[in-house]
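Student: Here is my input; please provide its structure:
(one chain, ligands or ions: 3)
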Amino acid sequence: MNGIFVTGTDTGVGKTIISCGLAAVFKEKKMDTGVFKPFLSGISRYDPESDTYLMKQMSQTPLSIEDITPFEFKEPLAPYVAGKLEGKEVRIEEVLCHCERISKRHEYFIVEGAGGISVPLAESLLVSDLIKALQMPILIVARPDLGTINHTFLTVQYATSIGLKIAGIVINGMSDRLDLAVETNPRIIEELCGVPIVGITPKLEELTKESVQKMVSDNLDITLLMDQWGVGK
Ligand SMILES: Nc1ncnc2c1ncn2[C@@H]1O[C@H](COP(=O)(O)OP(=O)(O)OP(=O)(O)O)[C@@H](O)[C@H]1O
Ligand SMILES: C[C@H](N)[C@H](N)CCCCCC(=O)O
Ligand SMILES: [Mg+2]
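Tutor: Ligands and ions are numbered 1, 2, ... in the order given. All right, here's what the predicted structure looks like:
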C-alpha cells in the first residue's frame, strides 16, 4: 500500500481534519487516493461525525465504511484498552491482511492512526509498530501553542529512533490571537527536530468540505509533502 500515515503529537490535534483536506486536494489533483482508519474508538464508524465517515466523504472513495475502518471500539479510549473492556483483541496479522485486501483499490492511501504515535492498539502493538509494518512515511500533526515543542520533539525523536521516515510536520489550528509561543514555535520546532514543516493551518471558524479542502490547499506545501512522501510528480 503506497500510503502516508498521518499521526500526531496527541489525540485531538487535527489528524482527521488534515487527512480529510489532503484526500480532497489529492482528488482534485486526479490522484487515485483511498483512506484507511484501521482503528476507531468512542464513536460508531457509521456516525456522520466519525473519522471514518468524514474521511470517506472527503475522499469520495468507493471503499465501504467497513473497508475504511475494520476495527471499532465503544469507549473513547486507546483501542487496546477499549478492546479489553469488550473482550476484543486485534492481531497485527488481521490488520495487514485487511490492508492487503483494500490496497488494490487505490494507487495511494492516506492512513490515520489513533491518538499519538505510541498509543496501544492491541497487546504489544503500538501505533508505531503498525506504521513500521506498513512501511509508510509519517506526517506528524502538532498543536500550535505552548507545550507543542516538547510533544513534537518527543514524537520525532521516538519515530526516528525506531527507523520511521518522517515526511513532515503540520502545525494545525493557529488562532489569530497574538501569542509569542504560537509565533515562535514553528521555527524552533523545525530547527530542533530537523524535519520540514510542510504546513501551518489556521483555526477555521466554520468547518465545511470546502473550507477544510481550501485550508489544506492554501496552507500545505503539497509538492514538498509529495516529494518527502516519495510520490513527487
Ligand atoms: N484547523 C482547524 N480549525 C478548526 N477546527 C479544527 C481544526 N483542526 C481540528 N479541528 C477540530 O478539532 C477537533 C479535533 O480534530 P480531529 O478530530 O481532526 O483530531 P484528531 O487528531 O483526528 O483526533 P483523534 O485522535 O480523536 O482521531 C475536531 O472537532 C475538529 O473539527
Ligand atoms: C478516543 C480518541 N478520540 C482517540 N480515538 C483515541 C485516543 C487514545 C489516546 C490514548 C492516550 O494517549 O492516552
Ligand atoms: Mg481523528
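
Student: CA atoms for contacts and neighbours, from now on please.
Tutor: Will do.

Student: Give me the sheet partners of the helix or strand encompassing Val111 and which way each runs.
Tutor: Following DSSP states H and E, the helix or strand that holds Val111 is strand 108-112. The pairing partners recorded for strand 108-112 under DSSP bridges are strand 3-8 (parallel), strand 33-36 (parallel).

Student: just the CA coordinates of the first one, formatted as CSV?
Tutor: What that stands for is strand 3-8. As requested, C-alpha coordinates have been extracted for strand 3-8 and formatted as CSV (Å, rounded to 0.1, in the frame of the first residue of the first chain):
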residue,chain,number,x,y,z
GLY,A,3,0.5,5.4,1.7
ILE,A,4,1.3,8.2,4.1
PHE,A,5,0.5,7.6,7.7
VAL,A,6,-1.0,10.7,9.5
THR,A,7,-0.1,10.6,13.1
GLY,A,8,0.0,13.3,15.7
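
Student: Quick one: the strands in this structure, in order.
Tutor: 3-8, 33-36, 39-41, 71-73, 108-112, 120-122, 125-126, 138-142, 166-174, 197-202 (DSSP state E).

Student: Let me have those in a markdown table, adding distance to Gly21 as columns.
Tutor: Putting those into a markdown table (distance: least, CA to CA, whole Å) gives the following:
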| stretch | distance to Gly21 |
| --- | --- |
| strand 3-8 | 12 |
| strand 33-36 | 12 |
| strand 39-41 | 19 |
| strand 71-73 | 23 |
| strand 108-112 | 11 |
| strand 120-122 | 25 |
| strand 125-126 | 26 |
| strand 138-142 | 13 |
| strand 166-174 | 12 |
| strand 197-202 | 11 |
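
Student: on that earlier part again, and the strands paired with strand 108-112: which comes nearest Ser175?
Tutor: Each of the strands paired with strand 108-112 has some distance to Ser175 by CA to CA; the shortest is strand 3-8, at 18.7 Å.

Student: touching ligand 2 at all, the closest one?
Tutor: No: residues of strand 3-8 contacting ligand 2 under CA under 6 Å from any ligand atom: none, with a closest distance of 10.3 Å.

Student: same deal with stretch 56-74?
Tutor: No: with CA under 6 Å from any ligand atom as the threshold, stretch 56-74 lies outside contact range of ligand 2, at a closest distance of 9.1 Å.
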